[in-house]
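1. sequence and predicted structure, then a few things I'm wondering about:
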Amino acid sequence: MDTITTPPHHGNRKVMSRIDLTQRLVGRLHRDEAVIGGIGNTNFDLWMTGQRPQNFYMLGSMGLACPIALGVALAQPGRGVVALEGDGSLLMQMSCLSTIGTLKPKNLLIVVMDNACYQITGGQPTATASNVDLVGIARASGLPSSHWAADETMFEQLVERCLAEPGPHLIAVRIDSKPATGTTERDPAAIRQRFMRGIGAPA
Amino acid sequence: MDAAESRPWHAVLHAVLKANQVRLFTYVPDRVLTPLIQGAHEDPDLLTFVATREEEALGILTGAWMGGMLGVVAMQTSGFATIPNALASLAVPYQIPLLMIVSERGTLGEFNLGQAMVCRTMRPVLDALGVENHTVTRLDELEFIADRSIKQAVMTQAPVALILSPLLTGGKVFKS
């Protein structure tokens, strides 16, 4: 099922694959960057790219991937931190962008997988299916380095640049409405302990 | 326990946070908490900033703790009512020593019916989730309760709520 319509602000931006983009992202992490996966599909596909000890997987708390990533970024300013979020989740906790835009952590990158629907609950459309532009919202929230990646090549170039230059950054991509390719484990304590060891904190 | 505590409640609490290596102070504003918040902002050893929502603050504190930084969130009663899902799906199951300071409204002279209603949900929610919580009513007990509660939260990897009663803070009263 692919019911994605193209709001006018997207122009020719390509509709891509979540798992493919997640693999491309993870493939460019060479300095033990922390990755916080948001609830549902973003998380599940992150898990399917290989269980890096620097990955954290949420099992609830929809919308809190960016705030959790912000917390890690503040605690460890020397480490790159990536938040992986969906459009529905970011819309739910959108004001976190203004907190990030105010604090301006240099080591934070937000990647938004925008399929314009709540895929996991049955594909109901989100606000981005109409004319809501998450990159525009991020820029207006104090993150001038916010970009749409028009295709896979541009995505990889943006990831490379955002990991190298002071942030905060946001990269948004249009993805199809396919479900994730697997699911995470369901043991919160194990997830936290592995993550804390992975980023060198006493678990 | 110092029976003749001479410092105001917010100075005692500030000192307890510092003594327990709290380095991050985030809050959603509250009139009663203003002197505590101001003291945090004036302390160069504390990273202090406002959160837009209490739920957001829980996420930030969870990330900070996992990264090695202990933090606290200050909020009022109505703000607490917005976080049960984040407590139940993040802080409690992931075993995060999430420190919450709640300025209690809704009792002992409340003038806003909504505050009085939402206040009644707070302790049942905390108890249902099995979250340790203490209501502080006396200045001479504040240091002991706050210090022991933070230490227990860290050692047992569990959230804790310190509820500051109007008996301690004076609360917020209607001004006509």
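-> Yes, it's here. Residues are numbered from 1 along each chain as shown, chains lettered A, B, ... in the order given.

2. any residue of the helix or strand where residue A:111 lies touching chain B?
-> Secondary structure from DSSP states H and E places residue A:111 in strand A:108-114. No. With Cβ under 8 Å from any Cβ of the partner chain as the criterion, chain B is not reached by strand A:108-114; the gap is at least 10.4 Å. Just so you know, the C-beta spots here come from the backbone N, C-alpha and C atoms, and that holds for glycine as well.

3. do the longest helix that chain B contains and chain A meet?
-> Determined from DSSP state H, the single longest helix within chain B is helix B:139-156. No. Using Cβ under 8 Å from any Cβ, helix B:139-156 stays clear of chain A, coming no nearer than 11.0 Å.

4. tell me what the very next helix or strand once past that helix is packed against?
-> Downstream of helix B:139-156, the first helix or strand assigned by DSSP H and E is strand B:160-164. Where contact means 3 or more Cβ pairs under 8 Å, 6 or more residues apart in numbering or on different chains; DSSP states H and E, strand B:160-164 is packed against strand B:99-103, helix B:113-128, strand B:132-136, helix B:139-156.

5. at the geometric centre of chain A, which residue do we find?
-> In chain A, the residue lying closest to the centroid (Cα atoms, centre = their mean) is residue A:84, at 1.8 Å.

6. residues contacting it?
-> When contacts are counted by Cβ atoms under 8 Å, 6 or more residues apart in numbering or on different chains, residue A:84 touches A:22, A:25, A:35, A:36, A:37, A:38, A:42, A:43, A:46, A:65, A:111, A:113.

7. go on, residue B:69?
-> A:71, A:74, A:75, B:23, B:24 are the contacts of residue B:69 under Cβ under 8 Å, 6+ apart.

8. okay, the third one: pLDDT?
-> It stands for residue A:75. Residue A:75 is assigned a predicted lDDT (pLDDT) of 98.

9. wait, isn't it in contact with residue B:62?
-> No. Under the criterion of Cβ atoms under 8 Å, residue A:75 is not in contact with residue B:62, lying 10.6 Å apart.

10. which stretches in chain A count as helices?
-> Taking DSSP H as the test, the helices found in chain A are A:18-26, A:41-48, A:65-75, A:87-92, A:96-103, A:134-140, A:152-164, A:188-198.

11. which of these sits closest to chain B?
-> helix A:65-75 (2.4 Å; Cβ to the nearest Cβ).

12. which strands and helices sit next to that closest one?
-> Checked by 3+ Cβ pairs under 8 Å, 6+ apart, helix A:65-75 has strand A:34-37, strand A:81-86, helix A:96-103, strand A:108-114, strand B:22-27, helix B:54-66 packed alongside it.

13. can you tell me which of the helices and strands packed on strand B:160-164 is most buried?
-> strand B:99-103 (a mean of 25; mean count of other Cβ atoms under 10 Å in any protein chain shown).

14. and that strand with strand B:132-136, angle?
-> For strand B:99-103 against strand B:132-136, the angle by axes from the mean of the first three to the mean of the last three Cα atoms, to 10 degrees is 40 degrees.

15. run me through the strand neighbours of strand B:99-103, direction for each.
-> Here strand B:99-103 is paired, per DSSP bridges, with strand B:70-76 (parallel), strand B:160-164 (parallel).

16. so how far is the shortest one off the chain centroid?
-> So the one you mean is strand B:160-164. Strand B:160-164 sits 5 Å away from the centroid of its parent chain (Cα atoms, centre = their mean, to the nearest Å).

17. let me know the average pLDDT across it.
-> pLDDT averaged over strand B:160-164 gives 98.

18. now the first one
-> Averaged across strand B:70-76, the pLDDT comes to 98.

19. so, low pLDDT: which residues of chain A?
-> Scanning chain A for pLDDT under 70 picks out the ranges A:1-5.

20. what's the neighbour count on residue B:162?
-> As a burial measure, residue B:162 scores 24 neighbours (other Cβ atoms under 10 Å in any protein chain shown).

21. dig out what it forms beta bridges with.
-> Using DSSP bridges, the bridge partners assigned to residue B:162 are residue B:101, residue B:134.

22. how about the residues of chain A by chain B?
-> By Cβ under 8 Å from any Cβ, the residues of chain A that approach chain B are A:34, A:36, A:56, A:58-61, A:63-76, A:79, A:93, A:95-96, A:98-99, A:102-103, A:188-189, A:191-192, A:195-196, A:199-202.

23. and these, which are buried?
-> By neighbour count, with 16 or more other Cβ atoms under 10 Å in any protein chain shown, those hold A:34, A:36, A:56, A:58-59, A:61, A:63-76, A:79, A:93, A:95-96, A:98-99, A:103, A:188, A:191-192, A:195-196, A:199, A:201 as buried.

24. can I get the helices and strands packed on strand B:160-164 in TSV with mean pLDDT?
-> Formatted as TSV, the helices and strands packed on strand B:160-164 follow (pLDDT from 0 to 100):
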stretch	mean pLDDT
strand B:99-103	98
helix B:113-128	97
strand B:132-136	98
helix B:139-156	98
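
25. want to throw those into TSV with distance to residue A:183?
-> As requested, these are exported to TSV (distance: least, Cβ to Cβ, whole Å):
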stretch	distance to residue A:183
strand B:99-103	31
helix B:113-128	28
strand B:132-136	32
helix B:139-156	30
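
26. tell me the SS of the spatially closest residue to residue A:192 that is not a sequence neighbour?
-> Leaving aside its chain neighbours, residue A:192 sits nearest to residue B:94 (4.7 Å; criterion: Cβ to Cβ, 6 or more residues apart in numbering or on different chains). Taking DSSP: H, G, I helix; E, B strand; the rest coil as the rule, one finds residue B:94 in the coil state.
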